[in-house]
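# no sequence on this one, just coordinates:
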């Protein structure tokens, strides 16, 4: 729900850029709740990501998208909490949790829904977004974690941060401002470096 709200308040690039903080917030939550150590390279890349996010936020203030990025940070907290729970209870199948999340989200959104304003031409797009892209994407991502190393999955997940703004730029003409692009390069680079260093450490 926060993801959809954020997209209505800020450009796609700004929203997805905030998601670049997810690996670092996950590391902090895992340290607090699971006692997992935070490695020195994670601390360094976290500092670089903070700088990148600061630059992007400066661009968002100019573009009036700061509220959208704040809502997007709620998404980051939810995603990070999800990863920590999945890591803590690997013995529990999470497909029912995705179904339950959809039901709860639907009930919360129901009072604000205006189905009378939806045309039949819009229904296929709504179906493609909710049970298709959102639920299907989450199920595939959970399935991938059982088949490839977590580091590779996280690195592939970073493609969303790069490709999302590109698709919107190409098909909708929404060009990110220069500060967002510059900050985004720093955040994505820091997150990718952290994933790569984690994978090297695990391989030793």
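Done, it's in. Quantities reported herein were computed from a predicted structural model and do not represent experimental measurements.

# pull the longest helix from the protein.
Ranked by residue count and defined by DSSP state H, the top helix of the chain is helix 178-203.

# tell me the predicted confidence for residue 28.
Residue 28 carries a pLDDT value of 90.

# make 54 the first number, not 1, from now on.
With 54 as the first residue, the last one maps to residue 81.

# who touches residue 55 in this structure?
If you count contacts by C-beta atoms under 8 Å, 6 or more residues apart in numbering, residue 55 has them with 124, 125, 127, 128, 131. C-betas here are computed from N, CA, C, even on glycine.

# quick one: which of those sit in helices?
Per DSSP H, the subset of the contacts of residue 55 in helices is 124, 125, 127, 128, 131.

# name the nearest residue to the third one, sequence neighbours excluded.
Excluding the flanking residues, the one nearest residue 127 by C-beta to C-beta, 6 or more residues apart in numbering is residue 55, at 4.3 Å.

# where's the one you found relative to residue 123, distance?
10 Å (C-beta to C-beta, to the nearest Å).

# where does this protein have its least confident helix or strand?
Here the helix or strand of the chain ranked lowest by mean pLDDT, DSSP states H and E is helix 203-210, holding a mean of 62.

# return the backbone torsion pair for the residue with the largest distance to the centre of the chain.
For the chain, the residue at maximal distance from the C-alpha centroid (C-alpha atoms, centre = their mean) is residue 169, at 31.0 Å. The phi and psi values for residue 169, taken as degrees, to the nearest 10, are phi -70, psi -20.

# and it, what's its pLDDT?
84.

# next up, the contacts around it.
Applying C-beta under 8 Å, 6+ apart to residue 169 gives no contacts.

# residue 183: neighbouring residues, count only.
15 (other C-beta atoms under 10 Å).

# what's the closest non-adjacent residue to it?
Distances taken as C-beta to C-beta, 6+ apart put residue 155 closest to residue 183, at 7.5 Å, once the chain neighbours are dropped.

# surely the one you found touches residue 188?
Yes - using C-beta atoms under 8 Å, residue 155 is in contact with residue 188, at 6.3 Å.

# quick check, nearest of the ones in helices among the contacts of residue 55 to residue 82?
Distance to residue 82 across the ones in helices among the contacts of residue 55 (C-beta to C-beta) is lowest for residue 131, with 11.1 Å.

# how much space between the closest residue to the closest one other than its chain neighbours and residue 101?
Using C-beta to C-beta, 6+ apart and skipping the chain neighbours, the partner closest in space to residue 131 is residue 55 (6.9 Å). Applying C-beta to C-beta, the value for residue 55 to residue 101 is 25 Å.

# repeat that for residue 107.
Per C-beta to C-beta, residue 107 is found 11 Å from residue 101.

# neighbour count for the two, which is higher?
More crowded of residue 107 and residue 101, by other C-beta under 10 Å: residue 101, with 17 against 13.
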